[in-house]
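1. Mind folding the following:
(2 chains)
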2 protein chains.
Amino acid sequence: MRFEVTILGNGSASPSVTRHPSAHALNVREQFFLIDCGEGTQERLLRAGVSPLKLNAVFISHIHGDHIFGLIPLMASLAMAGKQTPLQISGPPALERLLDFFTRDFGLQLSFPLQFTPIDTTKHRLVHENTSMEVWSVPLRHRVPATGYLFREKQDPVGTIPRSYAYLSDTMPSAKAAELIQGVDLLYHEATFADTERHLARKTGHSTATQAAKIALKAGAGKLLLGHFSTRYKDLELIQNEARTIFPETYIATEGTTFGIPVVKK
Amino acid sequence: MRFEVTILGNGSASPSVTRHPSAHALNVREQFFLIDCGEGTQERLLRAGVSPLKLNAVFISHIHGDHIFGLIPLMASLAMAGKQTPLQISGPPALERLLDFFTRDFGLQLSFPLQFTPIDTTKHRLVHENTSMEVWSVPLRHRVPATGYLFREKQDPVGTIPRSYAYLSDTMPSAKAAELIQGVDLLYHEATFADTERHLARKTGHSTATQAAKIALKAGAGKLLLGHFSTRYKDLELIQNEARTIFPETYIATEGTTFGIPVVKK
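-> So this is what the prediction gives:
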């Protein structure tokens, strides 16, 4: 009865040989979900031992290249592998133009039904639901329309207490978002910058580690994962330590690492 | 006075953690050129120590994902880095639709002039020229319009003998191509399959190692590099040995390896 997230990329937009662009793989009771899909995500999935064919749905936060450039290549590979089951993709409405261009104008032939759900990035809505989980959109504050996602496990017959994971990236700190994810077990919040660069964070629509920690505190989160780091930071301990002075249960979202939430019996 | 090619990817279309999609970096007297640009090429360039900002021109063979999916991400990064000098891109005409979609409809803002040269994939033509080099198109035989490229160094005042490199991928064996690149110093030819899978090669528009070696022999090439390997081959020595029985100067285009052609004084 797993509920765990594997970090596929913790970098930001500038290419790097040590960090990859945004992508998380979520395993909820052996159903697999992908959150954001930067360039190279399919290789990162393989490295993490998650078969792309197992993915049920993909959730995209916003239409910046470091969050989407891996999506069409992933779809092309799934088609080549003969995937038959539907692929559900949720994201800001503009994503549909990209999907349309490749599937209609560019000749990408899919072997599976593609089901796109446009997300109103200004609203907190139930955007996806299955037997084990609900997914809610969480409005973010970025330079372009952006949405976070809150994944809430449903209570199962065995009587586990539902677990939850929130993905908030890319965004400036949002008190509203903190309120919407109140009591979340595991929070991933971007921390592109350290507090010394907070003016740059504001200018570019991002957060600092300090701001991310304050959001975690305000949300009453169980644990905070930081990612989306600017390439200027070689040593991430600085970022982690900065956040821990405010929110001690802070961890760097190290690539290839899986963060699980244990089952808690009532 | 270098004339050398660095292999960035030697895999074919299926994603893999050991091989990356097609991309070669060519250094002609410290002018840098990129040939094909599969997903993740910008990271491979960084790993090879070639700054993407140094690229003068990009040559695309055909419009299949494993040869182009890294191009838009690369351009986005160049724009983010503030590149000012023109980027020249040559490739089949259909590539222009992709470039147009991203730059016009999708909001990719470039900081540099983009100069696209459509290549007639049925013709052998001079498609690019600068102070040190000529680039000629070489028609290929694939499932979609595809062109190879022949890079010919110009003789310089010091009196070196011009060096040459040909890139033939993806293609079935072409006697015509062998004729057009006659006497080439270094030939990269795809060898997606071993000869045991020659029926599959024919069906998919690819070559076997045996066929590639025969083309090298027919072209009177100095050296043959093989790449674009199917993921089914874990051990590439089999591929290399197969070709060497026909063309002894055959080498696997190992990723990260640089193959140079020494200056030969008259």
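
2. how near is A:Pro92 to A:Pro86?
-> Counting by C-beta to C-beta, to the nearest Å, the separation of A:Pro92 from A:Pro86 is 20 Å. Glycine gets a C-beta too; all of them are placed from N, C-alpha and C.

3. Surely A:Asp120 touches A:Ser137?
-> Yes. Counting by C-beta atoms under 8 Å, a contact exists between A:Asp120 and A:Ser137, whose distance comes to 7.4 Å.

4. Comparing the two, which residue is more hemmed in?
-> Neighbour totals were compared for A:Asp120 and A:Ser137, and A:Ser137 leads with 25 against 14 (other C-beta atoms under 10 Å in any protein chain shown).

5. Show the contacting residues for the more buried one.
-> A:Ser137 sits next to A:Ile119, A:Asp120, A:Thr121, A:Lys123, A:His124, A:Arg125, A:Val127, A:Thr147, A:Gly148, A:Tyr149, A:Leu150 when contact means C-beta atoms under 8 Å, 6 or more residues apart in numbering or on different chains.

6. what residues does chain A put near chain B?
-> By the criterion of C-beta under 8 Å from any C-beta of the partner chain, the positions of chain A lying close to chain B are A:13-17, A:20, A:39-40, A:42-43, A:46-47, A:52, A:65, A:69-70, A:72-73, A:76-77, A:80-81, A:97-98, A:101, A:105-106, A:108.

7. In helices, which of those residues fall?
-> A:Gln42, A:Glu43, A:Leu46, A:Arg47, A:Gly65, A:Ile72, A:Pro73, A:Ala76, A:Ser77, A:Met80, A:Arg97, A:Leu98 (DSSP state H).

8. Identify, from those residues, the entry nearest to B:Asp170.
-> Set against B:Asp170, the nearest of these by C-beta to C-beta is A:Met80 (14.3 Å).

9. burial count for the closest one?
-> That count, for A:Met80 with other C-beta under 10 Å as the rule, works out to 15.

10. Verify the stated contact: it with B:Ser14.
-> Yes. The pair A:Met80 and B:Ser14 passes the contact test of C-beta under 8 Å, sitting 6.7 Å apart.

11. Any figure for the gap between A:Ala175 and chain B?
-> Counting by C-beta to the nearest C-beta, to the nearest Å, the gap from A:Ala175 to chain B is 29 Å.

12. residues touching that residue, list them.
-> A:Ile215, A:Lys218.

13. again with A:Leu200
-> A:Leu200 is in contact with A:Phe193, A:His206, counting by C-beta under 8 Å, 6+ apart.

14. what's the pLDDT at the residue nearest to the spatial centre of chain A?
-> In chain A, the C-alpha nearest the mean C-alpha coordinate belongs to A:Ile35, at 4.0 Å (C-alpha atoms, centre = their mean). Per-residue confidence (pLDDT) for A:Ile35: 98.

15. element containing the nearest residue to it once chain neighbours are set aside?
-> Nearest non-adjacent residue to A:Ile35, counting by C-beta to C-beta, 6 or more residues apart in numbering or on different chains: A:His24, 4.3 Å away. In this structure, A:His24 is located in strand A:23-28 according to DSSP states H and E.

16. got the angle between that strand and helix A:71-80?
-> Between the direction of strand A:23-28 and that of helix A:71-80, the angle (axes from the mean of the first three to the mean of the last three C-alpha atoms, to 10 degrees) works out to 50 degrees.

17. residues in contact with strand A:23-28?
-> Outside strand A:23-28, the residues that reach it (C-beta under 8 Å, 6+ apart) are A:2-9, A:32-38, A:41, A:44-45, A:48, A:50, A:70, A:132-133, A:151, A:153, A:165, A:167, A:188.

18. Report the buried members of those residues.
-> Neighbour-count burial within these applies to A:3-9, A:32-38, A:41, A:44-45, A:48, A:50, A:70, A:132-133, A:151, A:153, A:165, A:167, A:188; the criterion is 16 or more other C-beta atoms under 10 Å in any protein chain shown.

19. just checking, which of those belong to strands?
-> Residues from the buried ones among the contacts of strand A:23-28 lying in strands, with DSSP state E as the criterion: A:3-9, A:32-35, A:133, A:151, A:153, A:165, A:167, A:188.

20. follow-up on the earlier one: and of the contacts of A:Ser137, the nearest to chain B?
-> Taking C-beta to the nearest C-beta as the measure, A:Thr121 is the one of the contacts of A:Ser137 closest to chain B, at 15.8 Å.

21. give me the residue from the stretch 151-266 of chain A nearest chain B.
-> Ranked by C-beta to the nearest C-beta, the top residue of the stretch 151-266 of chain A for proximity to chain B is A:Thr231, at 10.6 Å.

22. sec struct for A:Phe116, please.
-> Judged by DSSP: H, G, I helix; E, B strand; the rest coil, the three-state class of A:Phe116 is strand.

23. who does it bridge with?
-> A:Phe116 has the following beta-bridge partners by DSSP bridges: A:Ile89.

24. In chain A, where is pLDDT below threshold?
-> Within chain A, the segments meeting pLDDT under 70 span A:157-160, A:264-266.

25. again, 90 this time
-> For chain A, the stretches with pLDDT under 90 are A:1, A:131-132, A:155-161, A:262-266.

26. related to what we said a few turns ago, quick one: which of A:Pro92 and A:Pro86 has more around it?
-> Set side by side, A:Pro92 and A:Pro86 give different neighbour counts by other C-beta under 10 Å, the larger being at A:Pro92 (20 against 12).
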